[in-house]
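> Generate a structure from the sequence data that follows.
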Amino acid sequence: MTRFLVTTENPTGWRLEDILSEIQKDIIRRCNKILDDPSPVAAPVRYNNVRIMGMLTECIKLAEDSTRLLNTLGPSQAATGGPPRIGVP
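Residues are numbered from 1 along each chain as shown. Okay, here's the model as predicted:
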């Protein structure tokens, strides 16, 4: 069973792209708090966060593409305990 993502065992879980977007928003909020910090540690942390944001954006795009592909098979029935659209139950 997954802890965060939607499955038949976890029908109220998150779609991957949604949880990644929420993480991205949290990083933005955190970056705003260190934006004007002149300490020598703040600048590399901001730089790392910008790189992480770019990587998350790519991951979100891939997850959205996977969702589009899965949607060609019909709507998910995970919320009602239905079978997975691909793979084994």
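> okay, CA-based contacts and neighbour counts for the rest of this
OK.
> Now do the phi/psi pair for residue 14.
Dihedral angles of residue 14 (phi, psi; degrees, to the nearest 10) stand at phi -90, psi 150.
> Now do the same contact list for it.
Residue 14 makes contact with 4-6 under the criterion C-alpha atoms under 8 Å, 6 or more residues apart in numbering.
> Just the buried ones from those, in ChimeraX syntax?
With 16 or more other C-alpha atoms under 10 Å as the criterion, this ChimeraX line picks the buried residues out of those:
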select :5,6
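> Would you format the contacts of residue 14 as a markdown table with secondary structure, distance to residue 43 and pLDDT included?
Below are those laid out as a markdown table (DSSP: H, G, I helix; E, B strand; the rest coil; distance: C-alpha to C-alpha, whole Å; pLDDT from 0 to 100):
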| residue | secondary structure | distance to residue 43 | pLDDT |
| --- | --- | --- | --- |
| 4 | coil | 32 | 94 |
| 5 | strand | 33 | 92 |
| 6 | coil | 37 | 85 |
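> Between the contacts of residue 14, which sits nearest residue 60?
For the contacts of residue 14, the minimum distance to residue 60 (C-alpha to C-alpha) is 14.0 Å, reached by residue 5.
> wait, doesn't that closest one sit right on residue 20?
No: between residue 5 and residue 20 there is no contact under C-alpha atoms under 8 Å: 10.9 Å.
> now the helix or strand residue 46 falls within: how far from the chain's centre is it?
Following DSSP states H and E, one finds residue 46 within helix 42-71. Relative to the chain's own centre, helix 42-71 is displaced by 8 Å; criterion: C-alpha atoms, centre = their mean, to the nearest Å.
> Now that helix: buried residues?
By 16+ other C-alpha under 10 Å, the buried positions in helix 42-71 come out as 46, 49, 53, 56-57, 59-60, 63-64.
> Which pLDDT value goes with residue 85?
Reading off the confidence values, residue 85 has pLDDT 91.
> And residue 64, by the same measure?
Residue 64 is assigned 98 on the pLDDT scale.
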